[in-house]
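Q: Any chance you can model this:
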Amino acid sequence: MTRRPEALRSARTDEGFTLVEVLVAMLIFGLVSTGILTSANIVIRMTADNRSREVATNLAEQQLDTDRGVLDPFDVHNIPATAGGAPLTQTVSGRTYTITQTTSLVSADGSDITCGNSKSVSYRRITVQVDWTGRLATTAPVQSDTILAPNGRINDSSTGSISILVSGVTGAGESGVSVTITPQPGTATALLSQPAPTDVDGCAYAFGLTPGTYRVAISKPNSSDQLQNATPTTGTTPEPGDLNVTAGATTPLTWSYDQNATYPLVYAKGSGATLPDAMATTFLSKGPTWATGGSSAPVSSAALYPWPSGYGIIAGNQANSTTTLCAAEDPSAWGTAPGVQTGIRAIGAGQQPGATSPSVNVPMGVFTVTAPLISLGNTYVTAVGQSSTANGQPGCATTETFTFSGYMLPGATKTFALPYGSYKIYTGARSAC
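A: As a prediction, the model looks like this:
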């Protein structure tokens with residue numbers, strides 16, 4: 001009787017682990033291992049990021065050393081990381097570093113200024129930022145600054161300067177614009193050399209000018225200002241007046257100037273009609289109204305300042321910059337009269353600078369003439385505009401006469417196109433009868 005309980009106690013105290021105990025132990029081991037591995041990974045990434053930051057710091061200093069070697073602060077845009085506004089990339093130990101440089105002009109009081117400003121320039125502030133692939137979110141890119149001052153004074157108490165800002169349709173600086181400064185009769189004298197073309201900020205400067213009056217012109221291929229002038233020039237209507245330069249001061253000048261958008265034009269599409277020998281085309285925009293020359297054949301395309309809102313396009317010299325010349329030539333004007341069907345003005349949608357629009361269909365009135373079978377010779381057609389308000393017509397303040405050089409043989413039928421309006425049609429043995 002005494003030995004049986006001992007056997008039972010011995011069975012109950014066998015050593016070992018249950019399945020639950022094993023699973024718990026594995027879970028704890030996994031959590032500890034994960035934490036160790038995560039910590040090790042973080043340490044490795046932070047070490048690599050610190051090493052990358054050291055490389056970025058060195059690259060930033062190298063860039064600033066290059067900047068400091070530039071004697072003229074206005075030439076700083078002609079070195080890498082700024083030329084054309086593009087950042088510079090460099091690969092070191094498998095990582096790509098992007099070097100971005102921005103600059104600002106600084107006045108004597110230490111404030112940043114833009115060109116086209118009446119404050120005198122003292123020096124240029126340069127900021128270099130270096131970023132790299134794989135940078136930790138908690139690590140900021142490297143940024144370094146320096147000041148670039150000229151060897152001599154930019155402004156002198158006995159001379160003046162001109163500060164020019166040329167900006168595009170978006171307001172960003174327009175680079176590569178040539179600047180020509182010409183002294184006008186009086187005390188002004190010719191420049192020893194013309195300013196460099198505008199930099200990536202759209203800036204150009206002329207220093208050391210003898211006090212007096214100067215005329216400034218800008219130009220760039222396939223570009224124009226808001227007045228459709230390819231070579232805007234001060235002192236010419238309606239551009240700004242010539243600039244008065246005084247000693248110890250900076251005279252500012254700003255222009256909006258950009259690459260043209262091109263609008264191909266198709267008149268009276270699908271009619272096969274003969275167009276007038278000479279006819280202007282009117283372009284209405286957010287800016288002043290502009291019309292092509294009315295003494296030449298209708299243009300097949302127009303290169304215009306790239307207004308984002310585009311252009312309303314009308315056949316004929318419908319208006320100038322201040323006056324409506326012939327309301328009837330605008331198809332949409334006919335809708336203002338009772339009982340008259342609304343016309344549709346051609347619309348050239350806004351285009352990016354330098355872009356070409358799809359062809360724009362310009363509506364015109366179309367009519368057909370049949371030449372007499374018996375005549376003294378060939379038949380020519382002439383259309384004489386009328387200022388009529390009968391039957392709800394919009395009328396014209398100024399009428400036009402259109403001729404067609406192509407003649408018609410006896411008995412022939414031909415289709416012609418005219419700007420919207422009212423006309424008397426004449427036929428004869430010679431043009432412009």
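Q: Surely residue 162 and residue 206 touch.
A: Yes. Using C-beta atoms under 8 Å, residue 162 is in contact with residue 206, at 4.5 Å. For the C-beta atoms, the positions are set from N, CA and C on the backbone; glycine is no exception.
Q: Are there residues contacting both of these two? Which ones?
A: The contact sets of residue 162 and residue 206 overlap at residue 181 (C-beta atoms under 8 Å, 6 or more residues apart in numbering).
Q: and the closest residue to residue 107 other than its chain neighbours, how many residues sit next to it?
A: Nearest non-adjacent residue to residue 107, counting by C-beta to C-beta, 6 or more residues apart in numbering: residue 119, 4.3 Å away. Using other C-beta atoms under 10 Å, residue 119 has 17 other residues around it.
Q: In which helix or strand does residue 119 reside?
A: Using DSSP states H and E, residue 119 is not contained in any helix or strand.
Q: can you pull the contacts of it?
A: Residue 119 sits next to 107, 108, 111, 113, 250 when contact means C-beta under 8 Å, 6+ apart.
Q: Among those, which lie within strands?
A: 107, 113, 250 (DSSP state E).
Q: what bridges to residue 181?
A: Beta-bridge partners for residue 181, by DSSP bridges, are residue 216.
Q: so where's the stretch 151-300 of the chain uncertain?
A: 151-155 (pLDDT under 70).
Q: Helices along that one, start to end?
A: Counting by DSSP state H, counting those that start in this stretch, no segments of the stretch 151-300 of the chain form helices.
Q: could I get the contacts of residue 119 as JSON lines with distance to residue 264?
A: Formatted as JSON lines, the contacts of residue 119 follow (distance: C-beta to C-beta, whole Å):
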{"residue": "107", "distance to residue 264": "47"}
{"residue": "108", "distance to residue 264": "52"}
{"residue": "111", "distance to residue 264": "48"}
{"residue": "113", "distance to residue 264": "43"}
{"residue": "250", "distance to residue 264": "44"}
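Q: In ChimeraX, how would I select the buried members of those?
A: The ChimeraX selection below is limited to those of the contacts of residue 119 classed as buried (16 or more other C-beta atoms under 10 Å):
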select :107,113,250
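Q: any idea which of the contacts of residue 119 is least confident?
A: Lowest in pLDDT among those is residue 108, which has 73.
Q: Quickly check the contacts of residue 119 for the two that are furthest apart.
A: Pairwise distances across those peak at 14.1 Å for 111 and 250 (criterion: C-beta to C-beta).
Q: ok, so of the contacts of residue 119, who is nearest residue 291?
A: residue 250 (37.7 Å).
Q: Okay, and the beta partners of the closest one?
A: Each beta-bridge partner of residue 250 is listed here, defined by DSSP bridges: residue 161.
Q: mind giving me the domain split of this protein?
A: Domain assignment for the chain, taken from automatic domain parsing, gives 51-148, 160-259, 262-428.
Q: want to try CSV for those domains, with distance to residue 19 as columns?
A: Output for the domains of the chain, formatted as CSV (distance: least, C-beta to C-beta, whole Å):
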stretch, distance to residue 19
domain 51-148, 43
domain 160-259, 71
domain 262-428, 71
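Q: Looking at those domains, which is nearest to residue 26?
A: Comparing these by C-beta to C-beta, domain 51-148 comes nearest, at 32.6 Å.
Q: Quick one: end-to-end distance for the closest one.
A: In domain 51-148, first residue to last residue: 29 Å (C-alpha to C-alpha, to the nearest Å).
Q: which residues of the stretch 1-150 of the chain score low on pLDDT?
A: Counting by pLDDT under 70, the ranges of the stretch 1-150 of the chain that qualify are 1-17, 22, 35-46, 71, 77-86, 150.
Q: where along it do the strands fall?
A: Taking DSSP state E, counting those that start in this stretch, the strands of the stretch 1-150 of the chain run over residues 88-92, 95-107, 112-113, 121-132, 142-148.
Q: Return the most buried member of those.
A: strand 121-132 (a mean of 21; mean count of other C-beta atoms under 10 Å).
Q: and it, which strands flank it?
A: Strand 121-132 has the following strand partners under DSSP bridges: strand 95-107 (antiparallel), strand 142-148 (antiparallel).
Q: which stretch among these comes nearest residue 424?
A: Closest to residue 424 of the strands paired with strand 121-132, according to C-beta to C-beta: strand 95-107, at 63.5 Å.
Q: Extract the C-alpha trace of that closest one and format it as PDB.
A: C-alpha atoms of strand 95-107 as PDB (Å, rounded to 0.1, in the frame of the first residue of the first chain):
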ATOM      1  CA  ARG A  95      23.600  57.200 -55.000                       C
ATOM      2  CA  THR A  96      22.400  60.100 -57.100                       C
ATOM      3  CA  TYR A  97      22.800  63.600 -55.800                       C
ATOM      4  CA  THR A  98      20.800  66.500 -57.200                       C
ATOM      5  CA  ILE A  99      22.300  70.000 -56.900                       C
ATOM      6  CA  THR A 100      19.900  72.900 -57.200                       C
ATOM      7  CA  GLN A 101      21.000  76.500 -57.100                       C
ATOM      8  CA  THR A 102      18.900  79.600 -56.700                       C
ATOM      9  CA  THR A 103      20.000  83.200 -56.600                       C
ATOM     10  CA  SER A 104      18.600  86.500 -55.600                       C
ATOM     11  CA  LEU A 105      19.800  90.000 -56.000                       C
ATOM     12  CA  VAL A 106      20.400  92.000 -52.800                       C
ATOM     13  CA  SER A 107      20.200  95.700 -52.300                       C
END
